[in-house]
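Enquirer: okay, sequence plus prediction incoming.
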Amino acid sequence: MRVPLSWLREYVDIELSPEALAERLTLLGMEVKGIEQWGADWRSVVVGELLTVEKHPYADRLHLTTVTIGSGEPLHIVCGADNIAPGQRVPVALPGAVLPGDRRIERTEKMGIASEGMLCSGNELHITTDAEGILILPPEMPLGRQLSDLYGDAVLDVDVKPNRGDALCLIGLAREVAAATGAAIRWPKIEFEETGAPVTDFLKVDVRDTALCPRFVGRWVGGAKIGPSPDWVQMRLQAAGMRPVSNVVDASNYVMLELGKPTHTFNGAAVHDGTIIVRRALPGERLETLDHVVRELTPDTLIIADPRGPIGIAGVMGGAESEITGETTEIAIESAIFDPVSIRRTGHRYALRSEASLRFEKGQEFRLARIGADRVAQLTLAWAGGSMARGRIDTAPAEPEPARLAFRPRRVSGLLGDDVPAAEQRALLQRVGIETVEAATADRIQVAAEPKPLAVAAGEDGVLVAMVPTWRRDLAIEADVAEEVARVRGYETTPAHLPDTLMPAYRPSPLSVLDTIRQTLAGAGLTEVVTHALVSSQNDARLLWPEDSSEPQLLPELAAEAGDEIVVTNPLSAQHSVLRQHLAASLLDVLSFNERQGRADVAVFEIGKRYARVEDRPREWTRLALLLSGAAAPASWNRTARPYDLDDAKGIVELLCHRLGLPAPSYVADSRGFPFHPGRALAARSEGEEEALSARLAEMHPDVITRWDLRAQRVIMAELAIRGLDAAVPARVHVEPIPRFPEVERDLAVIVTENHTAAEVEATIRRHGGSLLRGLRLFDLYRGAPLAATEKSLAYRLILGARDRTLTEAEVDAAVAQVRTGLESDIGAYLRT
Amino acid sequence: MNFDSLSEDLRALQRRALDEVSAAPDPASLEQLQIAYLGKKGELTSVLRGIGALPAEDRPRVGAVANEVGEAVKAALADRGAELHAQVQVIRLAAEAVDVTLPGRTVARGTLHPIPETVAAIAEVFGQFGFVVYEGPEIEDDLTNFQMLNIPPDHPARDLWDTLYVDIPGHLLRTHTSPGQIRVMQETKPPIRALLPGRCFRYEAVDASHGFEFFQVEGLMVDEGTSMADLKGLLDEFAHALFGPRKTRFRPGYYPFTEPSVAFDVECVVCGGVGCPACSKTGWMTILGAGMVHPVVLQYGGIDPERYQGFAFGMGIERIANLRHAVPDVRYYLENDLRFLEQFR
């Protein structure tokens, strides 16, 4: 809320500088987001007095004036306005002046006559809305003074929190200033004469839904003359960010800003039969609102109607037909209390949220209905004349007393963690208008309110009762009192104390395995990325990354169940409208983005979630994805470049298995094709006692590279599911004793036809190696002469040994012979010698 | 042949051998000299063959001379050998010299993203005070995201969270990590000290300080007598750990799920409290929101608010990371420009 300080001073004395006041309010919970210097954009605009006003010799609509600004020669200024006369004091923009909107004023010539500056209208200065006439200043304005010195103001931008609707007005903030400084607040004097006939002669009110409209106060002013409101009113409204409209509408807006009470003024003549009915809309009813949109009203909308039909949406916006216009003379004033929830829903339903509805939504003090009606009536009478009908219509004149809220000063101290004596608490509460009394036996302490009320008997001594002012709708439970005590005392006085109570039981951190993996991958040269979970709905169609369920090689318990895409029903853009079902497309986007920044070598990983709807329940799975493209080792003076290939991805998966204490992964080819290279894709899996990992690794199909418009020749990707990724401790290492007896190495070059995979050869060796085979490593792969074109040679180093003895030559030979026979019989392999 | 002439022969042999050894140009010629003089068929051996012709009493004397000669030649060979080895080594090492100022062979250097790294830093600090990490779902139900946090439907405070909804009835993308408070309280009993990091979503236009996806860390402590002073004590330690020794302050805030509610300010990390554009000239920067857990929230968590009290706090990871690393724009975090990410070491 914008708060012009000069206006605020009307209700409370302020001796602090705007900055100091801003800090005090902020520390009291009324956060000041900024201080604007109102009038800072009137530069070189001074007070002048018109000496002469004559017709322009060549242009009928212009005047020649001479103006004194108190010193120097009188200025000759050409002016187009008609409302000027000698002796008036007016704002003079001198040559070189700058007006709002960065408008520069220079010495000019108008129809052959020089003009040494400009006389300003209220509109040109953004002070009033009058663009026709020159702003006539009060005669006491000192000649030559800068207008910004006289009318300039500091305007605080106060962020009033949603629970403090009572402070969303000048009076409310004046109360807070008073609490901060100890000053007293001044209510405006609401006095006027009722010279008209009884209000009931003009107005009848029939509230048919008292739940949605608990109180309706009406007043009537007859014979008013619509016109602009006084300049000082327009100035205040402008400074507070509200556009002046007319005296009657301004009176309503002024009261809303002053007291926080939204009211509505109708053209009384347009209210049929002088009868206002407050009811829910009937099916099919329509209303043209003030913004000239015809709206279909739904039956849950509370409306203001006359016997012919709707004339306003209650608390949200009036109807066009009963709008105050220049011809209006009869003014019906509505000052009502509406159900906050109903107003909020209505505002949302019609996408119509106004300053008024925002205040209604937060709840209104009951007595404001009466005070607001009187104040608007008073100002209408003062600014638009006419006569006020006698009395007011009031559908619920009984006003509530302050509520009793019992609290335990000891409990308040306990919450704050500081001993605040009861007497001090009472004094602090008094500063925000909360009187306190000793508790009566019937008082119960409200620990929690709706929707789970909990009250305990005021059993112990020293229980006090806070008499909650009727405007403080936010104070309902004991903890609310604690907050009042704390904020008036100053939150900054809160002592710092480290908790010294019991610690919770040990719980493994879900971050620990995650961090192990992240560190490992960074160590392997990959850069971590974090991408959007919300992606384009086109993503899946573009990539066709397979469902886990279509992948029998993946570990079933790690596979995401088949599900549907989860769609955002109110997306910000099509680019971010669904929750992703895999991470792969996100990483392709990262590659594409960085390629466009000129990067060729990209190795990235992300640990993030994929999402799906399974049987109408949301599901989330944590996944690790990685992408490798460009050079694994870029060319350097001491090394030639080596591009990333599928083996790098496998190496990373093997590294992860190693780090997680998993056995080496097993690989199975995946030749399904798009989005994968049909000859360079695989599933990997590894299962340990606690952890397990399954992954899909592939070089991407060239068409994927085309679809993402990539420069890269090849893109390697992997997506991994890891059991224990979100919540586990890394597997413990169980040390094997260091072998006491020497191990023997034997190299075997296994020649086999191409249709047998390395995995098959290795499995065969292991199967036949027996217990003496303690290690196995592929160290060479050879094709070419003298082998047949259909053959390849895989060279393995076998490590043989036993725990309890040194193997004899004969034992080693026997073991190797067994492997050789097995290779021959199982896969038709023979050994190269 | 007599003793004198034989011993003279031996001395002559010694002189010649020593001359040749000292003139030997390389280890190979040294080895030949060794064979030529001291080998089985070497000169010393052949001279000694004449020893049999001497009278028996002279033989030991000749033997002694021969030994002396043999030792002298051996010693000369060894000295010259060492000398030559040193020479060869000097030459080899000289030939092997490199320009040591050339750059090294680059070791792969990956980097970690500042968002999870900041989460880790925060978890580390609070971990020291016994806070354990939990995670809650990103797709939440309205009940847990709002209602159990004391934000009923149609509550004006709902305006504080512009929400993205999904096509599963009653569900939405969590607007904050605070629903995790409910989940932790339902899952465990006091004493509770929990930390909940995670991704959040809001219907919010993207600019330098806002995104529709962002990250938060929530903290929760519940026990008998847990107070605002405990909250202040912990947050002071946290601010100290992440931003160094700085003044901090509490001021009132507003959240429906805490009462009293707190905004936690740290002395501006840019100007040190003097006042600058970064802190809107206030000298303070707000780094997180907090407060004492609202009794209704405790009740929804299955905890008796008459017996227990607690505090909660929630902070934006981007905000913390921005301040620590002087990142000017939150869009950097999800854009993944390597020129940004590779600056983190």
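Expert: All right, it came through fine. Residues are numbered from 1 along each chain as shown, chains lettered A, B, ... in the order given.
Enquirer: helices and strands around the strand or helix carrying B:Gly219, which ones?
Expert: Element membership of B:Gly219, judged by DSSP states H and E, is strand B:213-223. Counting contacts by 3 or more C-beta pairs under 8 Å, 6 or more residues apart in numbering or on different chains; DSSP states H and E, strand B:213-223 packs against helix B:114-127, helix B:179-187, strand B:192-201, helix B:228-243, strand B:284-293, strand B:309-316, helix B:317-325. Any C-beta I mention is one placed from the backbone N, CA and C, and that applies to glycine too.
Enquirer: among the ones you listed, which is nearest chain A?
Expert: Closest to chain A of these, according to C-beta to the nearest C-beta: helix B:228-243, at 2.6 Å.
Enquirer: neighbouring contacts of the closest one?
Expert: Contacting residues not belonging to helix B:228-243 are listed as A:415-418, A:486, A:494-499, B:121-122, B:125-126, B:129, B:221, B:246, B:248, B:250, B:260, B:262, B:264, B:266, B:269, B:287-288, B:290, B:292, B:311, B:313, B:320, B:323-324 [C-beta atoms under 8 Å, 6 or more residues apart in numbering or on different chains].
Enquirer: buried among those residues? Make that a ChimeraX selection.
Expert: Selecting only the buried entries of those in ChimeraX, with 16 or more other C-beta atoms under 10 Å in any protein chain shown as the criterion:
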select /A:415,416,417,418,486,494,496,497,499 /B:121,122,125,126,129,221,246,248,250,260,262,264,266,269,287,288,290,292,311,313,320,323
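Enquirer: who touches the residue in the stretch 51-200 of chain B that chain A sits nearest to in this structure?
Expert: Chain A sits closest to B:Ala108 of the stretch 51-200 of chain B, with a gap of 2.6 Å, by C-beta to the nearest C-beta. Shown in contact with B:Ala108 (C-beta under 8 Å, 6+ apart): A:523-525, A:633.
Enquirer: only the buried subset of these, as a PyMOL command please.
Expert: Buried members of those, defined by 16+ other C-beta under 10 Å, are picked up in PyMOL with:
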select buried, chain A and resi 524+525+633
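Enquirer: among the contacts of B:Ala108, which ones lie close to chain B?
Expert: A:523-525, A:633 (C-beta under 8 Å from any C-beta of the partner chain).
Enquirer: among the contacts of B:Ala108, name the ones in strands.
Expert: Among the contacts of B:Ala108, the residues falling in strands (DSSP state E) are A:Ala633.
Enquirer: redo the contacts of B:Ala108 as CSV? Include pLDDT.
Expert: Shown next, in CSV, are the contacts of B:Ala108 (pLDDT from 0 to 100):
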residue, pLDDT
A:Gly523, 94
A:Ala524, 94
A:Gly525, 94
A:Ala633, 84
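Enquirer: figure out the helix or strand that the residue nearest the centre of chain A lives in.
Expert: Taking C-alpha atoms, centre = their mean, the centroid of chain A lies closest to A:Leu572, which sits 12.8 Å from it. In the assignment (DSSP H and E), A:Leu572 maps to no helix and no strand.
Enquirer: the residue of the stretch 51-200 of chain B closest to chain A: what secondary structure?
Expert: Look at B:Ala108: counting by DSSP: H, G, I helix; E, B strand; the rest coil, its state is coil.
Enquirer: show me the shaky parts of the stretch 151-300 of chain A.
Expert: Across the stretch 151-300 of chain A, not a single residue meets the criterion (pLDDT under 70).
Enquirer: what of chain B?
Expert: Scanning chain B for pLDDT under 70 picks out B:1.
Enquirer: what do you get if the cut-off is 90, keeping everything else the same?
Expert: Under the criterion pLDDT under 90, the flagged ranges of chain B are B:1-14, B:17, B:26-28, B:36-70, B:87-88, B:104-109, B:153-161, B:209, B:269-283, B:345.
Enquirer: report the buried residues of the biggest helix by length in it.
Expert: Across chain B, the longest stretch assigned as helix under DSSP state H is helix B:59-95. The neighbour-count check on helix B:59-95 (16+ other C-beta under 10 Å) flags B:62, B:65-66, B:69-70, B:72-73, B:76-77, B:80-81, B:84 as buried.
Enquirer: pull the number of nearby residues for residue 30.
Expert: Picked chain A for this. The local packing of A:Met30 (other C-beta atoms under 10 Å in any protein chain shown) involves 26 other residues.
Enquirer: that's the other chain; I wanted chain B
Expert: Count around B:Leu30 with other C-beta under 10 Å applied: 21.
Enquirer: cool, and B:Val327?
Expert: So B:Val327, with other C-beta under 10 Å, has 18 neighbours.
Enquirer: could you do A:Ile171 as well?
Expert: Using other C-beta under 10 Å: A:Ile171 sits among 24 other residues.
Enquirer: which SSE is it in?
Expert: Short version, using DSSP H and E: A:Ile171 is in helix A:170-181.
Enquirer: then A:Val155?
Expert: strand A:153-159.
Enquirer: for the nearest residue to A:Glu438 once chain neighbours are set aside, name its beta-bridge partners.
Expert: Excluding its sequence neighbours, the residue lying closest to A:Glu438 (C-beta to C-beta, 6 or more residues apart in numbering or on different chains) is A:Leu464, at 6.6 Å. A:Leu464 has these beta-bridge partners by DSSP bridges: A:Phe407, A:Glu438.
Enquirer: how close does A:Leu464 sit to A:Val53?
Expert: 70 Å (C-beta to C-beta, to the nearest Å).
Enquirer: looking at those two, which one has more neighbours?
Expert: Set side by side, A:Leu464 and A:Val53 show more neighbours around A:Leu464, with 21 against 17, by other C-beta under 10 Å.
Enquirer: get me the contact residues on the stretch 551-700 of chain A for chain B.
Expert: Counting by C-beta under 8 Å from any C-beta, the stretch 551-700 of chain A sits next to chain B at A:566-572, A:576, A:579, A:590, A:593-594, A:597, A:599, A:602-604, A:607, A:609, A:611, A:613, A:616-618, A:620, A:633-634, A:636-639.
Enquirer: any of those residues buried? List them.
Expert: A:566, A:568, A:571-572, A:576, A:579, A:590, A:593-594, A:599, A:602-604, A:607, A:609, A:611, A:613, A:618, A:620, A:633.
Enquirer: inside strands: which ones of those?
Expert: A:579, A:602-604, A:607, A:609, A:611, A:613, A:618, A:620, A:633.
Enquirer: closest one of those residues to chain B?
Expert: A:Pro618 (3.7 Å).
Enquirer: just list the residues touching the nearest residue to that closest one once chain neighbours are set aside, thanks.
Expert: Among residues not flanking A:Pro618 along the chain, B:Ile139 sits closest, at 3.7 Å (C-beta to C-beta, 6+ apart). B:Ile139 is in contact with A:566, A:579, A:611, A:618, A:620, B:166, B:168, B:171-174, counting by C-beta under 8 Å, 6+ apart.
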